[in-house]
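Enquirer: coordinates only, sequence not included:
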């Protein structure tokens, strides 16, 4: 079970690649408290399942926004 948890943790660079954004964008989101994350020493770690859940909650329905 621990092996599965370890595979699910991502580094900042892993997450930037996963979300296809700059690492600086990830740093900014972390600083603003927008991303679920863990700090291990001087490094950040992100659980993929928490990121996927965060993405789903953050999703915007374009049709609703277009109507005003």
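Expert: Cool, got the structure. Just so we're clear, the structure is a prediction, and the values are computed from it rather than from any experiment.
Enquirer: CA only for contacts and neighbour counts going forward, please
Expert: OK.
Enquirer: what does the strand ranked longest in the chain rub up against?
Expert: When the chain is parsed with DSSP state E, its longest strand is strand 43-47. Residues outside strand 43-47 that contact it (CA atoms under 8 Å, 6 or more residues apart in numbering): 8, 9, 10, 11, 12, 15, 36, 37, 38, 39.
Enquirer: span of stretch 16-28 from start to end?
Expert: Stretch 16-28 has its terminal residues 12 Å apart, counting by CA to CA, to the nearest Å.
Enquirer: what about the residue nearest the centre of the chain, which helix or strand?
Expert: Most central in the chain under CA atoms, centre = their mean is residue 51, positioned 4.1 Å from the mean C-alpha point. Take DSSP states H and E as the rule and residue 51 turns out to sit in helix 48-58.
Enquirer: in stretch 27-44, what's buried?
Expert: Across stretch 27-44, burial judged by 16 or more other CA atoms under 10 Å covers 30, 35, 37, 44.
Enquirer: check contacts around the second one.
Expert: If you count contacts by CA under 8 Å, 6+ apart, residue 35 has them with 29, 51, 54.
Enquirer: list the buried ones in the helix holding residue 51?
Expert: Burial within helix 48-58, assessed by neighbour count using 16+ other CA under 10 Å, is assigned to 48, 51.
Enquirer: residues contacting it, please?
Expert: With CA under 8 Å, 6+ apart, helix 48-58 has contacts from 8, 9, 10, 35, 36.
Enquirer: quick one: mean pLDDT for that helix?
Expert: Across helix 48-58, pLDDT averages out at 93.
Enquirer: now swap in stretch 32-45 and tell me
Expert: Per-residue scores along stretch 32-45 average to 94.
Enquirer: strands of the protein, start to end?
Expert: 9-11, 38-40, 43-47.
Enquirer: now the ones you listed as TSV including distance to residue 19?
Expert: Formatted as TSV, the strands of the chain follow (distance: least, CA to CA, whole Å):
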stretch	distance to residue 19
strand 9-11	12
strand 38-40	18
strand 43-47	12
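Enquirer: mind checking these for the one nearest to residue 21?
Expert: Closest approach to residue 21 among these (CA to CA): strand 9-11, 13.6 Å.
Enquirer: re earlier: grab the two from the buried residues of stretch 27-44 that are most spread out in space.
Expert: 35 and 44 (10.9 Å).
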